[in-house]
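Engineer: Give me coordinates for this.
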Amino acid sequence: MDKSSLRDLFPVTKNLAYFNHAALGPLSTRAYEAMENFLRDQRDFGALHWKAWYAEYVRLRESAAKMTGAEPGEIAILKNTSEGLSFVAEGFRWQAGDNVVTTDLEFPSNSTPWRKLDRRGVEVRVVQSHDGAFNVDDVERCIDGRTRIVTVSAVAFHNGFAADLDAIGELCAARNVLFCVDAIQAVGVLPIDVKRSKVAFLAADGHKWMCASEGAAIFFVAAEHRDKLEVLENGWTNIERKGKFIDCPIDLLPDARRFEAGSLNTSGIYGLRAAIDLLLEIGIADISEETTRIAALLADRLDDIGFRVATPRPVRSGIVGAIPPSGDPTLLKWHRLLEENGVVCAPREGMLRFSPHFYNVESEIDLIIDVLRGAAVRA
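Structural biologist: Purely as a prediction, here's the structure:
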């Protein structure tokens, strides 16, 4: 992988050692230029070129489908991951006594929508992780005849544990349970194949590992499960209007566009499509291999200077969570010190969370280790 040319596509590399893609990914020059060109068009011509905008929506669905192994008609464009997961939690036709299985590693986006279902008589069963991880047997023990959905994060937001989606998908298929995935920490950096993993529903915002802007997300709903969800938002873009606005038909569109109830974030869509196409051009397999290599190297180096790495080994994602040595400066002091030295990471759940991407380099790891080792000596 020729990182010099790839790093030129990410101007952030000229300013920072950026290890915070699990929070927000920096824009590439291609994503930025795509958004800038659209905004200039709207500034100078208003809605004159609206047909080109709508064609970009189609191209984004096609690119997102390639990224996830879906069909374009199974992709809806939403504003964020939380919206997609909420569409599943609230739109599914539950009956009192049903249950949903999730885990104790979930970000609120994949926790609160399910926990609020108690008002509908739905039980939430929580897989208890061990040493920051869980396996398919842990999930199976929580499933019974009233389990309707299993929902997990592809990658845990804080410690980087990567769930075995293929194994969980096989289990769900065997037990006639629908499989839902919060994939925001995976799409764009790890291979995702919704068909192979037998995923029914998947949501992923574009502003993390896809390195696009906030406010544009992909929502996959398998065609065979589309009618299992009630559409919660109704508007003018998710119905068969037949060219009418007044007293128009209200029949839903036949594909995943039925979940797009109104005007979309067009500037974000231009950026997200350009961002995804760049990743596809580089190759997700190569991106995954290099990102996990960098993350594993960082984990080893952190071990060497006395940090306790909480990320399960072997490292299988781009996230490394590390707990500072006992008695040394507080977490926020470590975080501030790194930022003062040009390193961006995030404090999460008592850890410093580092999340490199494929274009990060070993010299940046050297910088991180030098800063942390120097602070430990002074403490």
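Engineer: got the domain boundaries for the chain?
Structural biologist: For the chain, the structural domains run 3-26+283-378, 30-281, going by automatic domain parsing.
Engineer: Now those in TSV, please, with extra columns for mean neighbour count.
Structural biologist: C-beta here means a position set from N, CA and C on the backbone, and glycine is covered the same way. What follows is those, written out as TSV (neighbours: other C-beta atoms under 10 Å):
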stretch	mean neighbour count
domain 3-26+283-378	18
domain 30-281	19
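Engineer: May I see the ones you listed arranged in a markdown table, with mean pLDDT as well?
Structural biologist: As requested, these are arranged in a markdown table below (pLDDT from 0 to 100):
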| stretch | mean pLDDT |
| --- | --- |
| domain 3-26+283-378 | 95 |
| domain 30-281 | 98 |
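Engineer: Going by contacts, tell me the helices and strands next to the lengthiest helix in the chain.
Structural biologist: Once the chain is assigned using DSSP state H, the helix that runs over the most residues is helix 284-304. In terms of contacts (3 or more C-beta pairs under 8 Å, 6 or more residues apart in numbering; DSSP states H and E), helix 284-304 is packed against strand 308-309, strand 320-323, helix 362-378.
Engineer: Among the ones you listed, which comes closest to T147?
Structural biologist: Evaluated with C-beta to C-beta, the helices and strands packed on helix 284-304 place strand 320-323 nearest to T147, the distance being 29.8 Å.
Engineer: The stretch 151-300 of the chain: helices as residue ranges?
Structural biologist: If DSSP state H, counting those that start in this stretch is used as the criterion, the helices of the stretch 151-300 of the chain fall at 165-174, 266-282, 284-304.
Engineer: Between these, which one is closest to V343.
Structural biologist: Where those are weighed against each other on C-beta to C-beta, the nearest is helix 284-304, at 11.2 Å.
Engineer: quick one: that closest one to helix 266-282, angle?
Structural biologist: Taking axes from the mean of the first three to the mean of the last three C-alpha atoms, to 10 degrees, one finds that helix 284-304 is oriented at 90 degrees with respect to helix 266-282.
Engineer: Helix 362-378 and helix 284-304, what's the angle between them?
Structural biologist: Between helix 284-304 and helix 362-378, the angle comes out at 20 degrees (the same axes, to 10 degrees).
Engineer: Just the CA atoms from helix 284-304 would do, formatted as PDB, please.
Structural biologist: What follows is helix 284-304, C-alpha atoms only, in PDB (Å, rounded to 0.1, in the frame of the first residue of the first chain):
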ATOM      1  CA  ILE A 284     -11.700  -2.900   1.800                       C
ATOM      2  CA  ALA A 285      -9.700  -6.000   2.300                       C
ATOM      3  CA  ASP A 286      -6.400  -4.000   2.000                       C
ATOM      4  CA  ILE A 287      -7.800  -1.300   4.200                       C
ATOM      5  CA  SER A 288      -8.900  -3.800   6.900                       C
ATOM      6  CA  GLU A 289      -5.500  -5.600   6.800                       C
ATOM      7  CA  GLU A 290      -3.500  -2.400   7.200                       C
ATOM      8  CA  THR A 291      -5.700  -0.800   9.800                       C
ATOM      9  CA  THR A 292      -5.700  -3.900  12.000                       C
ATOM     10  CA  ARG A 293      -1.900  -4.100  11.600                       C
ATOM     11  CA  ILE A 294      -1.400  -0.600  12.800                       C
ATOM     12  CA  ALA A 295      -3.900  -1.000  15.600                       C
ATOM     13  CA  ALA A 296      -2.200  -4.300  16.800                       C
ATOM     14  CA  LEU A 297       1.200  -2.600  16.600                       C
ATOM     15  CA  LEU A 298       0.000   0.300  18.800                       C
ATOM     16  CA  ALA A 299      -1.600  -2.200  21.300                       C
ATOM     17  CA  ASP A 300       1.800  -4.000  21.600                       C
ATOM     18  CA  ARG A 301       3.700  -0.700  22.100                       C
ATOM     19  CA  LEU A 302       1.200   0.500  24.700                       C
ATOM     20  CA  ASP A 303       1.700  -2.800  26.600                       C
ATOM     21  CA  ASP A 304       5.400  -2.200  26.500                       C
END
